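>>> Return a 3D structure for these sequence lines:
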Amino acid sequence: MAQILVLTDPSETDGEVVYSESVGSVHLEGHAGDQLVERLRWAVRDAQVAEHRAVLRAAAAPEERPAAA
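This is a model prediction of the structure:
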C-alpha cells in the first residue's frame with residue numbers, strides 16, 4: 001500500500017515526520033478523500049508551525065564560540 005508522509009523541511013529542522021498514513025486508491029474517493037485532504041491540511045499546518053518554532057529557537061539560542069586555545 002502507498003504511504004503519504006509530511007515532513008518538516010530538513011534545512012529548518014531535523015526533518016521530523018509530522019504525518020504518516022498508508023493509503024489506497026479507495027481512500028481518494030468521495031467522503032474518504034475529503035477526510036484525507038483535511039488530515040493533510042492539518043499535517044501541513046503542523047509542519048509549518050514546527051519549522052517556525054525551530055527558526056525561533058535557533059534565533060534565540062546563543063551562538064557557540066570556539067574555546068580559546
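
>>> just checking, residue 8 touches residue 16?
Yes. Here residue 8 reaches residue 16: they are 4.6 Å apart, a contact under CB atoms under 8 Å. For the C-beta atoms, the positions are set from N, CA and C on the backbone; glycine is no exception.

>>> Those two: who's more crowded?
residue 8 (21 against 16; other CB atoms under 10 Å).

>>> any residues in contact with both of residue 8 and residue 16?
47, 50 (CB atoms under 8 Å, 6 or more residues apart in numbering).

>>> Using CSV, write out the CA atom coordinates for stretch 11-30.
The C-alpha coordinates for stretch 11-30 follow below in CSV (Å, rounded to 0.1, in the frame of the first residue of the first chain):
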residue,chain,number,x,y,z
SER,A,11,17.0,22.7,6.3
GLU,A,12,14.8,24.2,9.0
THR,A,13,14.6,21.3,11.5
ASP,A,14,15.8,17.7,11.7
GLY,A,15,13.3,16.6,9.1
GLU,A,16,10.6,15.5,11.6
VAL,A,17,7.8,13.3,10.4
VAL,A,18,4.6,15.1,11.2
TYR,A,19,2.2,12.8,9.4
SER,A,20,2.3,9.3,8.0
GLU,A,21,-0.6,7.3,6.6
SER,A,22,-0.9,4.3,4.4
VAL,A,23,-3.4,4.9,1.6
GLY,A,24,-5.0,3.1,-1.3
SER,A,25,-6.9,4.4,-4.2
VAL,A,26,-10.2,3.9,-2.4
HIS,A,27,-9.1,6.5,0.1
LEU,A,28,-9.1,9.1,-2.6
GLU,A,29,-12.8,8.9,-3.5
GLY,A,30,-15.8,10.6,-2.1
